[in-house]
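Visitor: give the three-dimensional model of this entry:
(one chain, ligands or ions: 1)
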Amino acid sequence: MTFTHPDIVRIELQTPFPVGSVNAYLMLSDDARVLVDCGPNYDPAREALQTSLASHGLQPEDITALVLTHGHVDHVGLASLFQSRGVPVYALQGVQTWLTPGGEWDHYRAAFFESLYTSMGVPRDLIARAKRDLFLLQKWNDRSVVDVELVPGQTLPWFPMYEVLHVPGHAQAALALWNRETGDILTGDQLLPHVSSNALIEPTLDATEGRAATRTQSLIQYRANLQALARMELATAYPGHGDPFQEPRDLIRRRLADQERRQSQFYELVAKAPNSTAFDIAVKFFPRHLNQLSLIMSETLGFLDWLEADGKIAAFETHEGVIRWRSTQ
Ligand SMILES: [Zn+2]
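Guide: Modelled structure (predicted):
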């Protein structure tokens with residue numbers, strides 16, 4: 001049996017977030033109509049998505065399956081629009097926790113970040129604001145359920161030329177869909193054309209009751225994943241935000257080189273001001289972005305992790321439980 005390659009149709013949807021628009025993709029063949037991501041639960045996004053489906057003669061219930069690249073609200077908020085009409089939702093293990101806004105997981109993450117930011121020297125008022133923002137974000141989400149867990153390495157049931165890749169870094173439970181025959185790749189937010197993806201810090205999923213979760217070393221993971229992608233045959237990339245683009249490996253090499261430059265800048269900051277907290281360093285690197293605490297702390301911690309792994313800096317804990325860094329060279 002031969003399968004025809006699906007057409008990939010980009011559907012650009014407005015979001016209420018600084019990132020601007022988000023992309024959903026319709027994978028269309030004679031046999032299946034698979035939607036990859038669906039936008040936030042936001043009226044302009046819902047209307048645009050339904051209009052775009054209608055232009056292909058489709059109603060939400062005509063979608064064969066909804067595949068989620070990762071759990072961030074700008075990609076998943078409208079999942080219930082499809083699920084309530086019987087469309088099965090496919091995603092990696094770990095995405096489910098993001099689909100229950102206001103639930104246990106949100107409270108768990110709020111407590112996790114409060115304790116992380118406290119140990120990184122973030123002032124109390126900024127921590128309180130970050131916690132509020134975490135819950136406010138969920139205004140654009142809705143409850144839904146992952147019906148089928150995808151496993152990295154498997155192929156899509158409707159399009160067997162597409163392999164599910166696990167691409168941790170920007171998010172932990174993040175996938176890309178790679179066409180083994182053509183090299184086309186739907187990247188989610190792992191690789192974006194005009195902005196560098198944030199490698200966001202998350203609590204690890206292995207935490208047990210009563211024990212604080214450890215955090216991910218997201219930038220180190222992200223770089224390893226970009227290096228792995230750079231060794232693959234890649235053709236057209238279909239990103240989660242921005243226009244599709246060619247030669248994703250060129251962009252990957254540029255991103256890796258930018259990160260290396262940034263790493264030396266972070267090293268200089270630690271070397272010049274020994275005993276700084278991660279927050280002290282974040283303020284120096286991103287003086288105008290204190291209102292985006294979670295982004296700048298993830299970015300700063302990512303580079304500190306990497307410098308520490310390279311043996312260039314060391315962390316130590318002070319008596320009040322705050323972690324500080326100094327150069328070892
Ligand atoms: Zn994202």
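Visitor: shaky segments in the stretch 151-300 of the chain?
Guide: 205-213 (pLDDT under 70).
Visitor: and the strands in it?
Guide: Using DSSP state E, counting those that start in this stretch, the strands of the stretch 151-300 of the chain run over 162-166, 175-179, 185-188, 237-239, 276-277.
Visitor: for the ion, find the nearest of those strands.
Guide: strand 185-188 (7.1 Å; Cβ to the ion). C-beta here means a position set from N, CA and C on the backbone, and glycine is covered the same way.
Visitor: which residues sit against the longest helix anywhere in the chain?
Guide: Across the chain, the longest stretch assigned as helix under DSSP state H is helix 248-272. Identification of contacts with helix 248-272 by Cβ atoms under 8 Å, 6 or more residues apart in numbering yields 185, 187, 191, 193, 196, 219, 223, 226-227, 229-230, 234, 237, 245, 276, 281, 284-285, 300, 303-304, 306-307, 312-313, 325-327, 329.
Visitor: so which of these are also by the ion?
Guide: Near the ion, taking Cβ under 5 Å from the ion as the test, no member of the contacts of helix 248-272 is found.
Visitor: just the buried ones from the residues you listed?
Guide: Burial by neighbour count, 16 or more other Cβ atoms under 10 Å: within the contacts of helix 248-272 this picks out 185, 187, 191, 196, 219, 223, 226, 229-230, 234, 237, 245, 276, 281, 284-285, 300, 303-304, 306-307, 312-313, 325, 327.
Visitor: in helices, which of those residues appear?
Guide: 219, 223, 226, 229-230, 281, 284-285, 300, 303-304, 306-307.
Visitor: which of the residues in the longest helix of the chain are buried?
Guide: 248-249, 251-252, 255, 259, 262-263, 266-267, 269-271.
Visitor: what's the answer for stretch 281-291, then?
Guide: Result for stretch 281-291 [16+ other Cβ under 10 Å]: buried residues 281-286.
Visitor: go on, stretch 66-82?
Guide: Buried, per 16+ other Cβ under 10 Å, within stretch 66-82: 66-82.
Visitor: helix, strand, or coil at Asn23?
Guide: Here Asn23 is strand, with the state taken from DSSP: H, G, I helix; E, B strand; the rest coil.
Visitor: that one pairs with what?
Guide: Glu12 (DSSP bridges).
Visitor: who touches it in this structure?
Guide: 10-13, 37, 238-242.
Visitor: the same query, at a cut-off of 10 Å, please.
Guide: The contact partners of Asn23, by Cβ atoms under 10 Å, 6 or more residues apart in numbering, come to 10-13, 36-37, 39, 69, 75, 186, 188-189, 238-244.
Visitor: which residues of the stretch 1-150 of the chain lie near the ion?
Guide: His72.
Visitor: the buried residues of helix 248-272 into CSV, with extra columns for distance to the ion?
Guide: Listed next are those as CSV, based on distance: Cβ to the ion, whole Å:
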residue, distance to the ion
Pro248, 17
Arg249, 22
Leu251, 17
Ile252, 18
Arg255, 16
Gln259, 18
Arg262, 20
Gln263, 23
Phe266, 23
Tyr267, 28
Leu269, 27
Val270, 28
Ala271, 33
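Visitor: which one is whichever residue of the stretch 1-150 of the chain sits closest to the ion nearest to, not counting chain neighbours?
Guide: Closest residue of the stretch 1-150 of the chain to the ion, Cβ to the ion: His72 (3.5 Å). Once flanking residues are discounted, His72 sits nearest to Ala171: 6.4 Å by Cβ to Cβ, 6 or more residues apart in numbering.
Visitor: lovely, talk soon.
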